[in-house]
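Participant: I would like to see how this sequence folds:
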Amino acid sequence: MSKGRILVVEDDFDISNMLRIYFTGQGFEVSVAPRGGEALALTRKSIPHLIVLDIMLPDMDGYAVCKELRTTTRTSHIPIIFLTQKDERSDKIAGLELGADDYITKPFDIEELKLRVTNAIARQERDNSLDPRTGLPSGRLIEEHLRKIIRKPDWALLDCRLNHFEPFKDAYGFIAGDEVLRFTSILLGEVVDAGGTPNDFIGHPGGDNFVVVTTHANSAAMRDRLKARFKEEVQTHYNFGDREQGFIVAKAADGLEVKTPLMTMAVGVISPETHSFSDIREITEMAAEARRRDSAGG
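Facilitator: Here you go, the predicted model:
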């Protein structure tokens with residue numbers, strides 16, 4: 001099982017390749033971006049658990065990349081470790097003021113960097129901030145975002161759950177189940193990028209449950225797009241026979257074989273346009289009820 005996804009933003013090929021090889025050997029999934037703009041695009045596509053960010057880049061400096069990440073709702077939580085040639089106090093302060101989590105100076109000790117990386121990821125997970133499989137905000141970060149929006153107008157929350165996920169995981173194994181969760185997180189990001197705003201929020205409360213906070217105007221189209229794309233694209237996670245017959249055969253608790261449909265996504269949508277909320281518990285309860293109605297309706 002992967003220890004986490006790291007994005008290395010570094011234009012020096014020798015350094016980025018060394019980091020890619022080393023951290024891959026340590027059990028991490030590693031992506032490399034030689035430019036700041038490419039790093040921002042990769043981050044939107046798949047949220048990493050941590051970013052190692054060089055300050056000196058050919059298109060925009062690391063400070064600008066950090067500022068963009070910190071001021072965009074979907075990426076504001078990602079731990080960032082700065083890499084730099086400089087060892088000046090003012091540079092460290094500038095990075096930390098922008099929200100960087102740590103700072104290491106070239107030339108660096110690779111074991112020290114590994115320790116900083118593992119500690120930053122563990123700290124996020126320990127604080128119940130990120131789901132370890134998808135890298136998306138969970139627990140505390142979701143609650144904080146709901147408290148931020150509850151008194152504001154023009155938002156909608158989409159409560160998304162995968163129908164028939166547990167039978168799929170029982171039949172195909174937990175590794176295949178984790179792949180479906182990661183696929184879902186990427187799909188959510190793509191749909192939000194295409195039909196949402198930079199301030200939209202995606203969270204993973206746990207298990208097969210995801211949430212999206214977008215604008216009320218975009219919510220209906222986003223719901224329909226998510227359901228349609230998930231139903232079509234999740235089929236690649238099944239073998240040919242199950243795809244052709246449209247179901248999997250699994251054993252129930254009594255030992256009898258039962259046919260379970262292929263996975264679909266249920267989405268409940270709530271908004272202050274249609275409901276009033278006194279606390280975030282009411283938001284989550286009403287959203288879950290809307291999602292259960294959607295699931296029952298097929």
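Participant: can you tell me how far residue 51 is from residue 70?
Facilitator: 11 Å (Cβ to Cβ, to the nearest Å). Just so you know, the C-beta spots here come from the backbone N, C-alpha and C atoms, and that holds for glycine as well.
Participant: looking at these two, which has the bigger crowd around it?
Facilitator: Between residue 51 and residue 70, counted using other Cβ atoms under 10 Å, the more crowded position is residue 51 (28 against 15).
Participant: per-domain residue ranges of this protein.
Facilitator: Split into domains by automatic domain parsing, the chain comes to 5-126, 139-296.
Participant: distance to residue 133 and mean pLDDT for those domains - can I get that in TSV?
Facilitator: Output for the domains of the chain, formatted as TSV (distance: least, Cβ to Cβ, whole Å; pLDDT from 0 to 100):
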stretch	distance to residue 133	mean pLDDT
domain 5-126	10	88
domain 139-296	5	93
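Participant: list just the one of these that sits closest to residue 132.
Facilitator: Residue 132 lies closest to domain 5-126 among those, at 5.5 Å (Cβ to Cβ).
Participant: so residue 250 is in which element?
Facilitator: In the assignment (DSSP states H and E), residue 250 maps to strand 247-251.
Participant: give the pairing partners of the following helix or strand past that strand; include direction for each.
Facilitator: Using DSSP H and E, the helix or strand that directly follows strand 247-251 along the chain is strand 257-261. Sheet pairing of strand 257-261 (DSSP bridges) gives strand 247-251 (antiparallel).
Participant: buried stuff in the strand it pairs with?
Facilitator: Of the residues in strand 247-251, residue 248 count as buried by neighbour count, 16 or more other Cβ atoms under 10 Å.
Participant: got it, and stretch 231-240?
Facilitator: Judged by neighbour count using 16+ other Cβ under 10 Å, the buried positions of stretch 231-240 are 234, 237-238.
Participant: same check, this time on stretch 137-153
Facilitator: Going by neighbour count (16+ other Cβ under 10 Å), the buried part of stretch 137-153 is 137-139, 141-143, 145-146, 149.
Participant: just the C-alphas of that stretch, formatted as PDB.
Facilitator: Output of stretch 137-153 as PDB, limited to C-alpha atoms (Å, rounded to 0.1, in the frame of the first residue of the first chain):
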ATOM      1  CA  PRO A 137      -9.800  16.700   3.300                       C
ATOM      2  CA  SER A 138     -11.700  14.700   6.000                       C
ATOM      3  CA  GLY A 139     -12.900  15.200   9.500                       C
ATOM      4  CA  ARG A 140     -11.800  18.500  10.900                       C
ATOM      5  CA  LEU A 141     -11.200  20.200   7.600                       C
ATOM      6  CA  ILE A 142     -14.700  19.400   6.400                       C
ATOM      7  CA  GLU A 143     -16.200  20.600   9.600                       C
ATOM      8  CA  GLU A 144     -14.200  23.900   9.400                       C
ATOM      9  CA  HIS A 145     -15.400  24.500   5.800                       C
ATOM     10  CA  LEU A 146     -19.000  23.800   6.700                       C
ATOM     11  CA  ARG A 147     -18.800  26.300   9.600                       C
ATOM     12  CA  LYS A 148     -17.300  28.800   7.200                       C
ATOM     13  CA  ILE A 149     -20.200  28.600   4.700                       C
ATOM     14  CA  ILE A 150     -23.200  28.000   6.900                       C
ATOM     15  CA  ARG A 151     -24.100  31.700   7.200                       C
ATOM     16  CA  LYS A 152     -23.300  32.500   3.600                       C
ATOM     17  CA  PRO A 153     -25.600  32.500   0.600                       C
END
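Participant: residue ranges for the helices of this structure, please.
Facilitator: 13-25, 36-45, 62-71, 89-97, 110-126, 139-149, 165-172, 174-195, 216-233, 240-245, 280-296 (DSSP state H).
Participant: can you name the residues in contact with the longest one?
Facilitator: Counting by Cβ atoms under 8 Å, 6 or more residues apart in numbering, helix 174-195 makes contact with 1, 44-47, 74, 133-136, 160, 162, 165, 168-169, 200, 202, 204, 208, 210, 212, 214, 218, 221-222, 225-226, 229-230, 233-234, 237, 263, 265, all of which sit outside it.
Participant: related to what we said a few turns ago, CA atoms only for the strand holding residue 250, dumped as CSV, please.
Facilitator: Coordinates of the C-alpha atoms in strand 247-251 are reproduced here as CSV (Å, rounded to 0.1, in the frame of the first residue of the first chain):
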residue,chain,number,x,y,z
PHE,A,247,-23.7,-7.6,-12.0
ILE,A,248,-21.4,-9.6,-9.7
VAL,A,249,-22.2,-12.8,-7.9
ALA,A,250,-21.4,-12.8,-4.2
LYS,A,251,-22.2,-15.0,-1.2
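Participant: still on that earlier bit, from the buried residues of stretch 137-153, pick the one nearest residue 93.
Facilitator: Distances from residue 93 to these, taken by Cβ to Cβ, are shortest for residue 141, at 25.8 Å.
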